[in-house]
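**Student:** no FASTA, just this:
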């Protein structure tokens with residue numbers, strides 16, 4: 001069994017002083033907590049997780065992408081106003097809004113085949129969703145991440161620095177945008193689907209033209 005994550009986080013802090021490693025608690029029923037790794041040290045930590053004798057996390061089973069759009073945070077504070085008549089202060093609530101910038105995330109599930117334990121879930125995050133979307137590739141650490149990082153690149157737009165062959169794997173080279181982004185809008189002409197079916201077929205199907213009136217027989221009076 002993998003050591004408790006709080007203990008592992010402390011070990012990483014001792015091994016990599018000043019490293020940006022955050023223990024992210026999962027409040028769900030699975031309680032599958034994870035470690036968020038700062039991009040500057042993530043590759044070195046990945047190698048440590050693979051090579052450490054107590055961990056030997058030698059297999060990456062899954063790589064997933066997550067899109068976290070900008071989020072509006074509403075904060076409520078209380079303000080007190082003195083009562084001119086000398087009574088109790090009047091307390092009012094003041095609400096303010098701030099925007100929490102969005103980001104893209106790559107999530108890795110790691111196992112040890114040799115020690116038969118796992119998973120350990122690690123995460124890396126981009127700085128935003130627009131022009132700073134580069135993350136370190138873990139393919140040089142776990143070869144099984146190669147195609148899955150390409151999927152995250154293709155569908156979410158994450159650029160994996162150090163990947164040996166970063167190119168689209170599901171969509172074609174000329175395809176625009178990234179279809180798993182939450183703000184993705186499909187093209188209106190639907191030319192990307194040569195054989196539409198299901199809901200798309202109903203969307204693109206043109207109504208039958210109105211039937212024309214038959215021509216009267218030759219010589220018939222109107």
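**Tutor:** Sure thing, it's come through. Every value quoted in this text rests on a predicted model; they were computed, and no experiment measured them.
**Student:** dump the residue contacts of residue 97.
**Tutor:** Applying CB atoms under 8 Å, 6 or more residues apart in numbering, one finds that residue 97 lies in contact with 72-75. Every residue, glycine included, has its C-beta placed from N, CA and C.
**Student:** can you check residue 184 too?
**Tutor:** The neighbourhood of residue 184, defined by CB under 8 Å, 6+ apart, consists of 177-178.
**Student:** so it: helix, strand or coil?
**Tutor:** coil (DSSP: H, G, I helix; E, B strand; the rest coil).
**Student:** check it and give its pLDDT.
**Tutor:** Model confidence at residue 184, given as pLDDT, is 92.
**Student:** also residue 174?
**Tutor:** Among the per-residue scores, residue 174 holds a pLDDT of 87.
**Student:** one more: residue 26?
**Tutor:** On the pLDDT scale, residue 26 is placed at 89.
**Student:** residue 215 too?
**Tutor:** At residue 215, the predicted lDDT confidence score is 61.
**Student:** which strands or helices does the strand or helix carrying residue 79 pack on?
**Tutor:** Using DSSP states H and E, residue 79 falls within strand 71-81. Judged by 3 or more CB pairs under 8 Å, 6 or more residues apart in numbering; DSSP states H and E, strand 71-81 is in contact with strand 90-100.
**Student:** what lines up beside the strand it packs on in the sheet?
**Tutor:** In the sheet, strand 90-100 lines up against strand 71-81 (antiparallel) (DSSP bridges).
**Student:** fine by me, thanks again.
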